[in-house]
Every structure is written in structure tokens, then in C-alpha cells.
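Novice: Output the structure for:
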Amino acid sequence: MPSLDARAVASLLREYAQRTALRGGNPYRAKAYGRAADSLTALAVPLHVLVAEDRLTEIPGVGDAIADIITKLSKSGTHPSLEKLRKEVPEGVLELLAVPGLRPEKVLRLYKDLGIASLAELEAAAKHDRIKKVKGLGAALQTKILQNLAIAKSGEGRLHLHRAAALLAHAKDSLHKARPELKRVTVAGDFRRGCELVGELTIVAEEPKVAKTSKASGADGLQIRLTDRKHFGAALLFATGSAAHLAHLQALAAEKGMRLEADGLHKGRSLIAGDETEIYRALGLPFIDPELREGRGEVELALKGKLPKLVTNQDLRGILHCHTDASDGTETLETMAKATLQRGFEYFGVADHSKSAHYAGGLSVEEIAQQHREADRLNKRFGKDFRILKGIEPDILADGSLDYGDDVLEGFDFVVASVHGRFKLDRKEQTLRLLRAISHPHTTIIGHMTGRQLQRRPGYEIDIEKVLSACAKHDVVVEINAHPWRLDLDWRWHQAALEFGCMLSINPDAHSIPELDHMRWGVAMARKGGVPADRVLNAMSLQEITRYLRQKRRSLARAA
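Specialist: Now for the predicted structure:
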């Protein structure tokens, strides 16, 4: 039989991963198979070439053992271990693993005890109260299934932003090596638009010998559009999308007696513009940043000259909301601060968990005092150009209070108040809970406002407009949590926050040194939400933010 392409092998390897997870044992093995399957979908070189040249271990996440499995799957379309696993459960059972919070052992119980072998059967069983009656499953799991079925359906086949970035970086590198004659190899698609979940990996490249723009082709999954120099910008525009944005541009072109197509902007038989910037200019528009291209009124704003100047990575002057090994981080305060300084920032805002967060090693009052002494010692060493800001992330308790008294909270430079439990309160109670926390005089920032985790759990139910309005009223900053699993507050609410008058803060929620670099994902979300730098707290310089926080404390003292 002819060898299978990468997309087909990725599908088989993903099945292998899922069946391995259901078998139990080492969970990291199944995750490794899954990551390798993702990597196969982003190959810039045909899989059969890598197999023939014994280069499979160049693929991210592929070692010798997985390379051997991939080789067998590619050549024969199966693997002895996979065939053995297939005898244990029907294929439809694998669908259940896509439901967040539904662990492999629970999936097996659902299959063995209730005969559930598909998402449709799972949904029907949950709606008819069959799951809550089974010992070991119960009402809580049934409720979680009903909540998370929508996530399983909507997130299917989509990657978190950071995972897509890694695959695209490898794809670009591979393409450069395999096709050195290609120029301007550029990432497009929903990744270029800064979407929080990426469904299609797309690259546009200039090829000297290609005629106009080729149709999207892929090395078994990665979409590659090849074009010549003259039409590169138009190809990039169309490969970036969105469909709604392109439709608005085409309608505008038609109004002006022009025609916008994948190879450029035309008038009659003449090509007026093939460069992306030139196309916008010829349509009477300024360049519209890719993150804004969602068909949500950006063309109308551009026509009125009212597009925002979006925040950039370079605008950020400091980092807030980070954790150390004093709570659940992996590094000391000193190493986290030094890593922040090495990245060119002016301040590091530590915000470890509070005493109620027993699960995360929350700080006692004595441990807070110890951390503050350490921060003072380090600040003397750093001098005037870099500073550790003393913060805390207190839990917002069920009644909306914070879990330290005023006498403790007044000792911090800033306070990031966050919900970490009791997610199932109803909409009214959860909203009141947040409103009380926001009205607390020591609250500086509301952390990850809705509590969502992408492809894991939905946010808790709150009246977001009421919460944003309260933040503006009490001068409480709204966090854009940059952790790629959170990206909360959702970018779709950023304009509302700006209109209410809120300041926002792009925070990495870093628990390790590599996680400091989550900032780029928060910037991507802020840009997608239309946020300018002058509305971002940590775009302030050290001097500015020190003055801002000092004034807030003075206002608090006067109110007292």
C-alpha cells in the first residue's frame, strides 16, 4: 500500500494516544503521543520524505520510540499495539475524552456501566438523569458534563495560541531549510489575527517562479500559499481573513468601482494594488491591524479615522501578578525578579497566593513579613532603575470579602483580588460577590475576572457589564490574564471595559521563569480587543506606576 500522509498518520497517532489514556498507566505517555500528532499536522516537508531520510526525530516531540510508531503507521496504516487497543472499546468512546473534566477512568465507567459510546449518547444520558444515579459518577459529574459538552464541540481541532506558535515556528524553520529559495515566509490565518484558539495553521511565502498565487497546499496539513512578489500582499490579506472582514473590503471596493480578489485590487483589467498596505490605501483606509480584522466594525472605524493605536509588546514597562516558591511558583523571588530585569522590564510585581489558598501554599502573615523583608533587601541591591513591587493575590471569599484584614492589606503596593473557588454560585450571587470585592478599598486589580480556562471549563456566570462598571467607579484595574489557558478577560469585552472607563493590566500569572513570556499572549488579546497603550496599567514607567499606586493609597488613607 502507498504510505500514508502526515494528516492520516496524525489521526492514527491521536487515536493511539486516546486509547493509551483509556488503558491507564503513565499519563505522560498518552500526552506525548498527542503532542507528536499535533506536530505532524504542521509539517512543512512531506512525511514520506522524513521517513525515507530517517529524520523523524527532527519533529518536535518525536523521539526514537514515537518515530518507530510513526514509521509503522505510515507504511502499513496501523500498528500491532493499536490493533490490540482497538479490541478494548469502540471508536465512539474516544469522543468522550474531548469533554473537559471527564477523565479516562470516568469515560470507561460511562461505557461499561451505561453503554455510552458517543457524545450524542453522553448528552442524552445526562439530560435524562441517567449518570447521576450511578455510584462513582453522580450528580456533580452529570452537571459538569452538561456544562462542558459545548466546549468539547466548539474547541474540536483547535490549538491554544502558544501551542500553535511553537508548531508554526517549526514549520517556518523547516520550510526555510527545505525550500531556501522562498522569501518572506509569513504566518497568516487566525494565528496572525491573534485568535485565542487556532484552527488552521497557514503560511504565505514568496516564490520567484510561481505565477500569481497558488491555491493553498499543504505538506499533509499545514496550509501553504505560494505567490510572487507582485501579489504577495494580497495573498497574505486573503490568507489572514477573516471572511467577514474580507467581505466588507470587497463591498467597499465594489462601491468604488473596483474588484478585490485573491491576487489583488483591480479596476477593469488593471491591477491597482497587490501589496497589503497599498490595498487598504487604495480603498481609502489606513492599514488595519490583523488582530482587528473580524468584521466587528473595524472598517467603519477606519473610514472615520477612529482606529485605535494598539498596545505593543514594546509598550509594556513592567510585569505584575507573578508567583514564587513562597506559594505555588517554582522559583525564588530573587530569580523571578532578575529574570524580569533581564527581559528589559522596570518592575516585577510579586503576587503570591493568600492564606485561604491552602492548595497553593498561600502565605501566612509571618511569611508575608518575611517576603517583604526580602523584597526590601533586593530593592536596595537593584537600585533606582528596577523595583520589586509588593503584591498579593487574596482569594475573594464567597461573601465577597478578601481573606486578609485591612491591617495586612495596607502593607502591599497592590492587591490582585481573584476568585479561586465556589464557581457554581448563581449569576446574581457571583456578581454580588465580585462587586463587594471590587468595592473593597484595598483592591487594585481584579484577576481573571470570569475564571474561564479555554477548552477546560467555561467561566462562572456573572453580569460582566455590572462588574466592569463597578471597576470603573472604584478605580479598580481589570486584568487581561495572559496565561494561554485563560486569556481572561475575553477580548470581546475589552471595548466595553474601555467605554466604561476601566484601566486594564496585562499580567502573565507566571509561576516560573518561562511563564514570564506569557506576556505576548496577553498583548495579542489586548490588541484584538482594541486596547491602546495609554489604557494599560503596566505600560506605565516605574516612576509613573509608583506614583499611581501611592496616590491610590493616599486616597484610601483620606477615606479612612
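Novice: can you map out the helices along the stretch 51-200 of the chain?
Specialist: 64-76, 80-86, 104-114, 119-127, 138-154, 161-178, 189-192 (DSSP state H, counting those that start in this stretch).
Novice: does Val107 really touch Glu95, like I thought?
Specialist: No - counting by C-beta atoms under 8 Å, Val107 sits too far from Glu95 to count as a contact (9.4 Å). In this view, the C-beta of every residue, glycine as well, is placed from N, C-alpha and C.
Novice: who's more crowded, the two?
Specialist: The residue with more neighbours, out of Val107 and Glu95, is Val107; 22 against 19, by other C-beta atoms under 10 Å.
Novice: picking up where we left off before, so which of the helices of the stretch 51-200 of the chain is nearest Ser356?
Specialist: For the helices of the stretch 51-200 of the chain, proximity to Ser356 was assessed by C-beta to C-beta; helix 138-154 is nearest, at 21.9 Å.
Novice: Mind listing what's buried along that closest one?
Specialist: By 16 or more other C-beta atoms under 10 Å, the buried positions in helix 138-154 come out as 141-142, 144-145, 147-149, 151-152.
Novice: Between these, which sits nearest Arg527?
Specialist: Distances from Arg527 to the buried residues of helix 138-154, taken by C-beta to C-beta, are shortest for Ile151, at 24.9 Å.
Novice: show me what contacts the residue nearest in space to the middle of the chain?
Specialist: Centrality entry for the chain: nearest residue to the mean C-alpha point is Pro484, 3.2 Å, by C-alpha atoms, centre = their mean. Each residue near Pro484 by C-beta atoms under 8 Å, 6 or more residues apart in numbering is listed here: 160-163, 454, 518, 521.
Novice: mind giving me JSON lines with the helices of the stretch 51-200 of the chain and columns for distance to Arg35 and mean pLDDT?
Specialist: Output for the helices of the stretch 51-200 of the chain, formatted as JSON lines (distance: least, C-beta to C-beta, whole Å; pLDDT from 0 to 100):
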{"stretch": "helix 64-76", "distance to Arg35": "9", "mean pLDDT": "94"}
{"stretch": "helix 80-86", "distance to Arg35": "18", "mean pLDDT": "93"}
{"stretch": "helix 104-114", "distance to Arg35": "17", "mean pLDDT": "92"}
{"stretch": "helix 119-127", "distance to Arg35": "23", "mean pLDDT": "91"}
{"stretch": "helix 138-154", "distance to Arg35": "19", "mean pLDDT": "83"}
{"stretch": "helix 161-178", "distance to Arg35": "8", "mean pLDDT": "92"}
{"stretch": "helix 189-192", "distance to Arg35": "18", "mean pLDDT": "96"}
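Novice: I'd like to know which of the ones you listed lies nearest to Leu402.
Specialist: Of those, the one closest to Leu402 (C-beta to C-beta) turns out to be helix 138-154, at 27.7 Å.
Novice: Distance from the chain centre to that closest one, please.
Specialist: Here helix 138-154 is found 22 Å from its chain centre; the criterion is C-alpha atoms, centre = their mean, to the nearest Å.
Novice: Can you tell me what sits against it?
Specialist: Here helix 138-154 makes contact (C-beta under 8 Å, 6+ apart) with 98-102, 106, 119, 122-123, 126-127, 129, 131-132, 455-458.
Novice: how far is stretch 13-25 from where the chain is centred?
Specialist: 25 Å.
Novice: One more: stretch 255-274?
Specialist: Chain-centre distance of stretch 255-274: 36 Å, with C-alpha atoms, centre = their mean.
Novice: what's it in contact with?
Specialist: So stretch 255-274 is in contact with 212-213, 230-235, 238, 246, 249-250, 253, 278-279, 281-284, going by C-beta under 8 Å, 6+ apart.
Novice: What of stretch 489-499?
Specialist: 194, 196, 448-450, 452, 459, 464-465, 468, 471, 478-481, 504, 525-526, 528-531, 535.
Novice: Ser242 and His248, how far apart?
Specialist: 10 Å (C-beta to C-beta, to the nearest Å).
Novice: what touches both of the two?
Specialist: In contact with both Ser242 and His248: Gly295, using C-beta under 8 Å, 6+ apart.
Novice: Which of the two has more residues huddled nearby?
Specialist: Between Ser242 and His248, counted using other C-beta under 10 Å, the more crowded position is His248 (20 against 17).
Novice: Verify the contact between that one and Val299 for me.
Specialist: Yes - if you go by C-beta under 8 Å, His248 and Val299 touch, sitting 4.4 Å apart.
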